[in-house]
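Q: I would like to see how this sequence folds:
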Amino acid sequence: MLKPTFDPRSRVTPESADKGEKLICLGDFILYRLWLLAILACGSVAFSHAASATPKSPAGAWLTANQQAIIVIVPCGPDFCGRIAGIVQNTPGSSAPLDWQGKPQCGLTILHTHAADTGATPKWRGTILDPRDGSVYQASLTLDDHGNLRLHGYLALPLLGQTEVWHPFNSQALSGCAVSPAALRAGA
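A: Predicted coordinates for the structure are as follows:
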């Protein structure tokens, strides 16, 4: 039986190699280091790409869950504000709905958020106004993987709230506050 050559950098001695311990040769050691370096390089490239990706933003036009209004969310300094930009009018020529103060709802700012919470999924917190009665609720906004806006409105505790899913809307289909069902289909 051939005895393996002794590598002085190895902790395995020729005597312990006879007992079944593996000698680590210099080539194995270098190969191990190269694999480790390759894994670290791939991981750092993937991590830097994920870290440099710009966080999604709720800015844009959104069709509400009941498909009766279009809300446009825009930056307000470091925060976001949302206003009613369109209201679906099923009957042409009908008057626009009024808010709780008797003013037209169109153009009314109903959403205010603060800077996003950091994390895997950005979450914006703030308040939302019900234009029908003037009630103000706590709100949180997140974007799902399909590009939809998930708005959770609640009083005091998030458990006592309700979540709505708003869908992106092509705001170029808007030609004023009154939105016809045909324009609604064109922008959805």
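Q: so who does A115 touch?
A: With contact set as Cβ atoms under 8 Å, 6 or more residues apart in numbering, A115 has these partners: P78, D79, W124. C-beta: built from backbone N, CA, C; applies to glycine.
Q: Name only those of those residues that count as buried.
A: Listed as buried from these are W124; burial here means 16 or more other Cβ atoms under 10 Å.
Q: domain parsing for the chain?
A: Annotated domains of the chain cover 14-52, 60-187 [automatic domain parsing].
Q: ok, how many other residues are close to the closest residue to N90 other than its chain neighbours?
A: Nearest residue to N90, sequence neighbours excluded (Cβ to Cβ, 6 or more residues apart in numbering): P181, at 6.5 Å. Using other Cβ atoms under 10 Å, P181 is surrounded by 11 other residues.
Q: now swap in N66 and tell me
A: The burial count for N66: 8, using other Cβ under 10 Å.
Q: what's the distance between it and I84?
A: 13 Å (Cβ to Cβ, to the nearest Å).
Q: now swap in R125 and tell me
A: 21 Å.
Q: for Q138, same thing?
A: From Q138 to I84 the distance is 20 Å (Cβ to Cβ).
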